[in-house]
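[1] No letters, just coordinates:
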């Protein structure tokens, strides 16, 4: 019964033949159209054969060489990042289907992997960018067209940016991070010239124009699909792509698959090699691995560390692993109430964590340590950088003695949505804390509840992960340590001196005052390391497995796949 | 007969009203704040409030309920937040997927379990009775995800006989034109044997997994009810009258033993339909079980309510069918009804 076996690998191809009894043996890698054509002639030859030509079918003539099969755990819930509650896979659809004015250059790291270059920008929809004192002016590419053929003009850019700062939710917050807050900032100079006025000097404004949110949408098409209740046509873009990007979504079955086709008229960069992308949702990680090892899928993205380390040992696939920029797993302690309002107790915890065990046993060695540095008075602005804490139970016991706190009963909370990593970490920490007189019970919080629990700021001690798109230390500190007490500042750490250092760094960065910037950044990192409201443990990696014939993968700040540079040999 | 049906229909209405209320209340008391979940990374209290408002979650409960019921009257089950689609469309596309899988599993299981049960009852204490017991015990004690993964490991990963476990069809195959939603039937309607073979090959492993799991109750009930019937007077009479064993077993005994089997079948079917979440997860099967669980994890109210409602309606309909079947199988039930 081998004719059912559909393999996606051309190298497993078998020729099409008819066996002794006249039955058709289908070649496994034959393109559908060829099979059908053959069946047709086979039917004609063997009159009265059981095979009939199908009546209705779109010719599926895509060659498998130009098609990529990508498998991940989750699929998108919305194709538009401006939508309500768009999930991370949804960002991937937005990234590949829309263009931004500018994007990042790429660079090759010493280990051979390619990553985006945080500091270098290149035009995407714009052909020229001119940054003035209080504004930036962009000239648009004149030949740029949306996927329906409408030319891209400055009014589309304005419409899109107005949309991003108006619709609320995540896109608006993200725009705000770059001081892009109101429609008045976005000015149409002429059809192909667009200006962004700054409300204040902010180093993050230009990088924030290269993230996923400020994509350029087809304003005419969206206005046509807008309704009174939905003035920005969010319903339409939820399941339709309306951009000028390199790919367009031709079929989307939520929870099952997304199929993209290349936009041959793309002018945002070099035309991608892959004509079609099939993105399937495979919830079971074991099956994703089996699909990769059997050679049936081309790319498996965002693999658990355990699978990744085992696949690396087997060496059958190309494996790429990049540290997640501006991200870390840490232990966070609520500083507003006992016992963790006591700095000595927090330092004792920092000396009691079993760092190396966590990296080895929970992360299978695939993590960059953020402990065991030279000193907590840091001398560089590298970020993230290690603290000087190491596992030293004796020292932790001494600190506990000095703190005056008696035996402590508390809880360790973690996000059930991240069980794979967080649960073993929490168990190792529980065991270690017991040896310095802190008895902790483990509190598993359901994924849907995690963010609201974080917002309540009532968890005494938690294992958590945070990463910021914009890879700057002051951005991390702005979310996690500043007096605005954002949801990510789970320790509720509010300190005037800390705020002064963070504001000082932001102000210095805006005017390019390097010396002052460095002083402030080193200042706030050192202060954070000494007072340890959160104890950094490690920087995790983003893991990708590819067949050997796939190349061109690059790591992006948004931690999703960029199809445009991928090549299948 | 018609009046019996009408009576049964009337009793269904309060059940459904109850289900609507319970589905609504249950999803509201679930922990988790959908607004916080969907506000995404870098959410601020303000952006959470904005999401809450756009989802209508800032209104009082009774207002949300009234709106829910009036939408329901118009056949609108709301929108799923996690897949972004109307719940009705999702259920329409996913229910056939689950039903096709469950039915195949059940039919497979029936083909094995019923003969096994009959044989075990006829030859009590023999080797076939022991096999029946072992199969039943093993089937029910092996968790479905384990059986599923094991089958995938052996037949796909090791032997390469089965196709890749990536859902209802190979990534490069085209789904047949939608008529019933059952790919096997739709492919036959389109007279496309290649798609039929592709869909069938994807179906075999998950169907076998389900069949192994559902063997136990069917085989055991068949055996037990056959034993009871075989010990009864009319079987003894039939035997004494010199009828062949075949006639005695199949015509007299089995027909009388069928009532409890049908009841069990109905239960097993509705149970499998909702509970084959794990099989759907393992085989990336786009059914309603995995849909409901994903929605539950994301505190996505509408699909959970829609799922509960759909299952309730299905369960009620199934019970109705079984009641009618009773009448067909056993004339006494008809008279009493």
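    Perfect, thanks for sending it. Source: prediction; values computed, not measured.
[2] So the residue nearest the centre of chain B, which state does it fall into?
    The centroid of chain B falls nearest to residue B:273 when counting by C-alpha atoms, centre = their mean (1.5 Å). Three-state call for residue B:273 (DSSP: H, G, I helix; E, B strand; the rest coil): helix.
[3] Name all residues that make contact with it.
    Going by C-beta atoms under 8 Å, 6 or more residues apart in numbering or on different chains, residue B:273 touches B:98, B:99, B:102, B:288, B:289, B:311, B:314. All C-beta spots, glycine's among them, are computed from the backbone N, C-alpha and C.
[4] Quick one: neighbours of the first one, just the number.
    In terms of burial, residue B:98 registers 24 neighbours under the definition other C-beta atoms under 10 Å in any protein chain shown.
[5] May I ask which helix or strand encompasses it?
    helix B:87-122 (DSSP states H and E).
[6] which strands and helices sit next to that helix?
    Contacts defined by 3 or more C-beta pairs under 8 Å, 6 or more residues apart in numbering or on different chains; DSSP states H and E place helix B:87-122 against helix B:127-141, helix B:193-230, helix B:255-275, helix B:277-282, helix B:288-297, helix B:301-329.
[7] redo that, cut-off 7 Å
    helix B:127-141, helix B:193-230, helix B:255-275, helix B:288-297, helix B:301-329 (3 or more C-beta pairs under 7 Å, 6 or more residues apart in numbering or on different chains; DSSP states H and E).
[8] May I see the ones you listed organised as TSV, with mean pLDDT added?
    Output for these, formatted as TSV (pLDDT from 0 to 100):
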stretch	mean pLDDT
helix B:127-141	85
helix B:193-230	88
helix B:255-275	81
helix B:288-297	80
helix B:301-329	81
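[9] Select, out of those helices, the one closest to residue A:92.
    Residue A:92 sits nearest to helix B:288-297 of all the helices and strands packed on helix B:87-122, at 18.1 Å, using C-beta to C-beta.
[10] gap between that closest one and the chain center?
    14 Å (C-alpha atoms, centre = their mean, to the nearest Å).
[11] got it, and stretch A:165-173?
    Worked out by C-alpha atoms, centre = their mean, stretch A:165-173 lies 19 Å from the chain centre.
[12] List the buried residues of it.
    The neighbour-count check on stretch A:165-173 (16 or more other C-beta atoms under 10 Å in any protein chain shown) flags A:165, A:167, A:168, A:169, A:170, A:171, A:172, A:173 as buried.
[13] got it, and stretch A:507-515?
    Neighbour count says stretch A:507-515 has A:507, A:508, A:509, A:510 buried, by 16+ other C-beta under 10 Å.
[14] Closest to chain B out of those residues?
    The shortest approach to chain B among those belongs to residue A:509, at 19.4 Å (C-beta to the nearest C-beta).
[15] Need the pLDDT of that closest one.
    Here, the pLDDT recorded for residue A:509 equals 90.
[16] hang on, the earlier thing: would you mind putting the buried residues of stretch A:507-515 into JSON lines with secondary structure and distance to residue A:356 alongside?
    What follows is those, written out as JSON lines (DSSP: H, G, I helix; E, B strand; the rest coil; distance: C-beta to C-beta, whole Å):
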{"residue": "A:507", "secondary structure": "helix", "distance to residue A:356": "39"}
{"residue": "A:508", "secondary structure": "helix", "distance to residue A:356": "36"}
{"residue": "A:509", "secondary structure": "helix", "distance to residue A:356": "35"}
{"residue": "A:510", "secondary structure": "helix", "distance to residue A:356": "40"}
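[17] what's the closest of those residues to residue A:451?
    The closest of the buried residues of stretch A:507-515, once distances to residue A:451 are taken by C-beta to C-beta, is residue A:509, at 29.0 Å.
[18] The buried residues of stretch A:165-173 also near chain B: which ones?
    A:168, A:169, A:170, A:172, A:173 (C-beta under 7 Å from any C-beta of the partner chain).
[19] Next, residue A:337: secondary structure please.
    Quick answer, by three-state DSSP: residue A:337 is coil.
[20] Count the residues that sit near the residue of chain A found nearest chain B.
    The minimum distance from chain A to chain B, using C-beta to the nearest C-beta, falls at residue A:85 (2.6 Å). By other C-beta under 10 Å, the residues close to residue A:85 number 23.
[21] do the same with residue B:7
    10.
[22] May I have the predicted confidence score for it?
    pLDDT, residue B:7: 76.
[23] how much space between it and chain A?
    40 Å (C-beta to the nearest C-beta, to the nearest Å).
[24] quick one, the helix or strand where that residue lies and helix B:301-329 angle?
    Using DSSP H and E, residue B:7 sits in helix B:2-29. Following axes from the mean of the first three to the mean of the last three C-alpha atoms, to 10 degrees, one obtains 160 degrees for the angle between helix B:2-29 and helix B:301-329.
[25] Does anything pack onto helix B:2-29? Which helices or strands?
    helix B:61-73, helix B:301-329.
[26] swap the cut-off to 10 Å and go again
    In terms of contacts (3 or more C-beta pairs under 10 Å, 6 or more residues apart in numbering or on different chains; DSSP states H and E), helix B:2-29 is packed against helix B:61-73, helix B:301-329, helix B:331-336.
[27] In JSON lines: these, plus mean neighbour count and distance to chain A.
    As requested, those are arranged in JSON lines below (neighbours: other C-beta atoms under 10 Å in any protein chain shown; distance: least, C-beta to the nearest C-beta, whole Å):
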{"stretch": "helix B:61-73", "mean neighbour count": "13", "distance to chain A": "14"}
{"stretch": "helix B:301-329", "mean neighbour count": "19", "distance to chain A": "10"}
{"stretch": "helix B:331-336", "mean neighbour count": "12", "distance to chain A": "42"}
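[28] So what touches stretch B:111-118?
    B:106, B:128-129, B:131-132, B:135-136, B:139, B:211-212, B:214-227, B:230, B:249-250, B:253-254, B:257-258, B:261, B:264-265, B:268 (C-beta atoms under 10 Å, 6 or more residues apart in numbering or on different chains).
[29] What segments of the stretch 351-500 of chain A are helices?
    A:355-357, A:393-403, A:419-434, A:447-456, A:473-480, A:496-511 (DSSP state H, counting those that start in this stretch).
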